[in-house]
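Novice: What follows is a predicted structure for the sequence shown.
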Amino acid sequence: MQPSLPTKPQPEPENKYPGCLYLKLEGIPVQPEDQDAFALWHTSTQHQQINLYLTIKFDEQWHTIKNGRIKFGLKGGELRLKLENSEIPYEDRELSGSIELLIPQQRQELDVTKDGKGERTIPKAHSSLSPEKKPVSTELNSFTVCHITTKISEENPVWIFEEEKGESVLKGLSKKAKLATLSATALPCRVEATFEVSKRDVCLTDAEGLWPATISRNKRAVLERLIIQRLLEPKFKPYLSRAELHYD
């Protein structure tokens, strides 16, 4: 039986606006080859390693204000790690470059018609069922692109997320992507991850009941900036999402 890293149940992530941003951090200890390595966590100065995996989901979210509501999303943001008794060398940071974010689509029901030459599928909206046809379902998925860069900082690693050029906001899911390999130098070991945004990272994508349809583009832009600066930005401080890992 392989030894396991001494740990306790991890805190649940804190996501203030999970419809806009959902973040979860998971740690999986790298299993040592030495079966006596369990004791090293308490007696050895040798660095022990933990693989960090990030689940992150971006989308737009509605927020009610007064007699109307706004819909907002993120153009970008920064994932910051605060480390205690641990380090992540720059070469051990793996999540970078352009990554695909999965956007699940609604399931579409199709009619499968056997015509003697195989099977062909026809969207249900364009066909009627007959005894020779049977409905099946398929799930259509699409992807968006997110660009990630890292700041060169040994003590406080930072990942910068940015939307694809031409897209208004970030949308989609990246599930359990390997973020980095953490080297724990002693116990207790702590990792705090926060996703932080500024007003330039927030984008209003829709609004209802707040101004007339005939409002000029310039006036609307001014009102949108005020809503972001005075309403949304304070709610996003000091972070939008937060997750922790503890190893004692």
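Specialist: Cool, the structure landed.
Novice: Now find how far off-centre the top helix by length along the chain is within its chain.
Specialist: With secondary structure taken from DSSP state H, the chain has its longest helix at helix 217-227. Between the mean C-alpha location of helix 217-227 and the chain-wide mean there is a distance of 28 Å, by Cα atoms, centre = their mean, to the nearest Å.
Novice: Now do the buried residues in the helix or strand just after it.
Specialist: Downstream of helix 217-227, the first helix or strand assigned by DSSP states H and E is helix 233-235. By neighbour count on 16 or more other Cβ atoms under 10 Å, the buried set for helix 233-235 is residue 233. For every residue, glycine as well, the C-beta is placed using N, CA and C.
Novice: quick one on the thing from earlier: what average pLDDT does the longest helix of the chain get?
Specialist: Taken as a whole, helix 217-227 has a mean pLDDT of 95.
Novice: List the buried residues in stretch 75-83.
Specialist: Under 16+ other Cβ under 10 Å, the buried positions of stretch 75-83 are 75, 76, 77, 78, 79, 80, 81, 83.
Novice: follow-up on the earlier one: give the buried residues for the longest helix of the chain.
Specialist: So helix 217-227, judged by 16+ other Cβ under 10 Å, has buried residues 224, 227.
Novice: CA atoms only: put it into PDB for me.
Specialist: Output for helix 217-227, consisting of C-alpha atoms alone and laid out as PDB, is shown next (Å, rounded to 0.1, in the frame of the first residue of the first chain):
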ATOM      1  CA  ARG A 217     -24.100  55.100 -27.600                       C
ATOM      2  CA  ASN A 218     -21.900  57.600 -25.700                       C
ATOM      3  CA  LYS A 219     -24.300  58.000 -22.900                       C
ATOM      4  CA  ARG A 220     -24.800  54.300 -22.500                       C
ATOM      5  CA  ALA A 221     -21.000  53.800 -22.400                       C
ATOM      6  CA  VAL A 222     -20.700  56.400 -19.600                       C
ATOM      7  CA  LEU A 223     -23.500  54.700 -17.600                       C
ATOM      8  CA  GLU A 224     -21.900  51.300 -18.100                       C
ATOM      9  CA  ARG A 225     -18.500  52.500 -16.800                       C
ATOM     10  CA  LEU A 226     -20.200  54.000 -13.700                       C
ATOM     11  CA  ILE A 227     -22.100  50.700 -13.000                       C
END
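Novice: so residue 183 sits right up against residue 47, yeah?
Specialist: Yes: the pair residue 183 / residue 47 is scored as a contact, 4.1 Å apart, by Cβ atoms under 8 Å.
Novice: shared neighbours of the two, which are they?
Specialist: Here residue 183 and residue 47 have residue 87 as joint contacts, going by Cβ atoms under 8 Å, 6 or more residues apart in numbering.
Novice: more neighbours, the two?
Specialist: With neighbours defined as other Cβ atoms under 10 Å, residue 183 and residue 47 compare such that residue 183 has more, 18 against 14.
Novice: List the beta-bridge partners for the more buried one.
Specialist: Taking DSSP bridges, one finds residue 49, residue 87 as the beta-bridge partners of residue 183.
Novice: Need the pLDDT of it.
Specialist: So residue 183 comes in at 93 (pLDDT).
Novice: Contacts only, for the most centrally placed residue in the chain.
Specialist: Nearest residue to the geometric centre of the chain (Cα atoms, centre = their mean): residue 56, 1.4 Å. If a contact means Cβ under 8 Å, 6+ apart, then residue 56 has 21, 22, 23, 24, 79, 173, 174, 177, 195 as its contacts.
Novice: Take the residues you listed and lay them out in CSV including secondary structure.
Specialist: Output for the contacts of residue 56, formatted as CSV (DSSP: H, G, I helix; E, B strand; the rest coil):
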residue, secondary structure
21, strand
22, strand
23, strand
24, strand
79, strand
173, strand
174, strand
177, strand
195, strand
